[in-house]
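**Q** Using only what follows, build the 3D model:
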Amino acid sequence: MTRTIHCSKLDIDAEGLDFAPWPGALGQRIYTEISRPAWQQWLAHQTTLINEYRLNPLDPKSRKYLAEQMENYLFGGDVAQAAGFTPPTSES
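**A** So this is what the prediction gives:
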């Protein structure tokens, strides 16, 4: 059974997440306010950050940085853009 929420990132009504994807209060806020499409966008952006900045998700400093970026990306704020990254173009 899916649940519909009003996504604070995309400002639309959309399918919500099945569970809190992060521990603690931030995870609960994401579960309550962020839609599945917005979460997928974050995961793509996070992958870019990990790859371009060569972050190790097991390193506490990298995890702290990614948590800060996640909160900024999903709820507004300054979001890091990987320098030199250009998203692939979709050609027909």
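**Q** which stretches of the chain form strands?
**A** 4-7, 12-15 (DSSP state E).
**Q** of all those, which lies closest to Arg29?
**A** strand 4-7 (11.7 Å; Cβ to Cβ). All C-beta spots, glycine's among them, are computed from the backbone N, C-alpha and C.
**Q** Okay, now the sheet partners of that closest one, with direction.
**A** Its sheet considered, strand 4-7 pairs with strand 12-15 (antiparallel) by DSSP bridges.
**Q** And the partner strand, what's buried?
**A** Buried residues in strand 12-15, counting neighbours by 16 or more other Cβ atoms under 10 Å, are found at Ala14.
**Q** same question for that strand, mean pLDDT?
**A** The average pLDDT within strand 12-15 is 96.
**Q** what residues does it touch?
**A** Residues outside strand 12-15 that contact it (Cβ atoms under 8 Å, 6 or more residues apart in numbering): 2-7, 35-38.
**Q** With adjacent residues omitted, what lies nearest to Leu66?
**A** Closest residue in space to Leu66, ignoring its immediate chain neighbours: Gln46 at 6.2 Å, by Cβ to Cβ, 6 or more residues apart in numbering.
**Q** do the same with Arg3
**A** Excluding the flanking residues, the one nearest Arg3 by Cβ to Cβ, 6+ apart is Gly16, at 4.6 Å.
**Q** how about low-confidence regions in this protein?
**A** For the chain, applying pLDDT under 70 flags the ranges 1, 82-88, 90-92.
**Q** which residues touch the residue nearest to the spatial centre of it?
**A** For the chain, the residue nearest the mean C-alpha position is Trp42 (2.5 Å; Cα atoms, centre = their mean). Contacts for Trp42 (Cβ under 8 Å, 6+ apart) come out as 34, 70, 73-74.
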